[in-house]
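Asks: this is a predicted model, with the sequence first.
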Amino acid sequence: MRARDIMHGDVTTVTPETPLGTIARLFVEKRISAVPVVDGTGALVGIVSEADLLHRQELDTERRRSRWLDYFATIESLANAYRAAHGRLARDVMASPVVTAAPDTPLTEIVETLERKRIRRVPIVEALPGGTERLVGIVTRGDLVRALATLIPAAAPDPDRSITDRRIRDMLLAELARQPWTDTGEGNVTVLDGVVHLWGMVANEAEAQALVTAATNIPGVVAVRDHTFVAYMGVGSTMM
């Protein structure tokens, strides 16, 4: 899946001159947590989020630091902090430049960007002739969760009993062979009447749990029995 498949296309935007009071009301009325900032041509120039409105002199939440810390701070950082706490317009508090993605960006890259940049949303822009970009949507963490909700069934499907035990075992072994976290071999997997039995020694409990997850996801599996034990501990467990 790509960004265009899950993005919001109807995005509420503001201009650099939009008052912060207007933006705060937009957050409340539209139940959103950020707005892209666009200039007169529609080009994306920044973004204002709830986080940008936390440290405000109106709320008496302006950042306060000791004189000792101020001594080590740069003039630029001190000026920016004052502007963010006392500014009245979007341009005073907006984050810029903005991390963006194209409509055909794979969701794997979107997720990596969200995690790496520690942000909650990525505006989606489309390149235009002349080197400019037009805002066409936005992808948030919530959009990813909603996409997941449509892909994962609410309840586990009934096992396909037409799949033989041998086929189940072959599929599971093939899946495990692709994984770098386990070296479980053929002798440690048995299947009887759709029930997978896992045997042998594992490096830790995380590996045992991952083996159960892998087995559970194989079509035709009715249940999973974990008989593995953690290396040098001799601990076994049973899981459904």
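Replies: Structure received. All of these numbers come straight from a predicted model, not from anything done at the bench.
Asks: mind listing the strands for this protein?
Replies: 34-38, 44-49, 121-127, 133-140, 189-192, 195-198, 201-202, 223-226, 229-230 (DSSP state E).
Asks: tell me how far the fifth one lies from the chain's centre.
Replies: Same thing as strand 189-192. Its chain's C-alpha centre and that of strand 189-192 lie 36 Å apart, by CA atoms, centre = their mean, to the nearest Å.
Asks: could you find the closest non-adjacent residue to E109?
Replies: Leaving out its chain neighbours, the residue that sits closest to E109 by CB to CB, 6 or more residues apart in numbering is A101, at 6.9 Å. Bear in mind the C-beta positions are built from the backbone N, C-alpha and C, glycine included.
Asks: any idea how far that neighbour is from E205?
Replies: A101 sits 37 Å away from E205 when distances are taken as CB to CB, to the nearest Å.
Asks: more neighbours, the two?
Replies: A101 (21 against 13; other CB atoms under 10 Å).
Asks: and the most centrally placed residue in the chain, how far from R118?
Replies: For the chain, the residue nearest the mean C-alpha position is V111 (4.7 Å; CA atoms, centre = their mean). For V111, the distance to R118 equals 13 Å [CB to CB].
Asks: kindly report the same for T190.
Replies: Using CB to CB, we find T190 at a distance of 45 Å from R118.
Asks: returning to what we had before: and T150, which of the strands of the chain is closest to it?
Replies: Within those, the stretch nearest T150 is strand 133-140; the backing value is 15.0 Å (CB to CB).
Asks: relative to strand 121-127, how tilted is that closest one?
Replies: Calculated by axes from the mean of the first three to the mean of the last three CA atoms, to 10 degrees, strand 133-140 forms an angle of 150 degrees with strand 121-127.
Asks: and strand 133-140, what does it pack against?
Replies: Helices and strands touching strand 133-140, by 3 or more CB pairs under 8 Å, 6 or more residues apart in numbering; DSSP states H and E, are helix 3-6, strand 34-38, strand 121-127.
Asks: point out the most buried one among those.
Replies: Sort the helices and strands packed on strand 133-140 by mean neighbour count, taking mean count of other CB atoms under 10 Å, and strand 34-38 sits at the top with a mean of 23.
Asks: what sits up against that one?
Replies: Contacts with strand 34-38, where a contact means CB atoms under 8 Å, 6 or more residues apart in numbering, come from 11-16, 18, 23, 26-27, 44-50, 90-91, 94, 96, 98, 120-121, 123, 135, 138.
Asks: again with stretch 82-96
Replies: Applying CB under 8 Å, 6+ apart, the external contacts of stretch 82-96 come out as 14-20, 23, 37, 45-49, 52-53, 55-57, 62-63.
Asks: repeat that for 6 Å
Replies: Applying CB atoms under 6 Å, 6 or more residues apart in numbering, the contact partners of stretch 82-96 are 14, 16-18, 20, 37, 46-48, 52, 55-57, 62.
Asks: mind giving me the PyMOL command for buried ones among these?
Replies: Command for PyMOL, covering only those of the contacts of stretch 82-96 found buried under the criterion 16 or more other CB atoms under 10 Å:
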select buried, resi 14+16+18+20+37+46+47+48+52+56
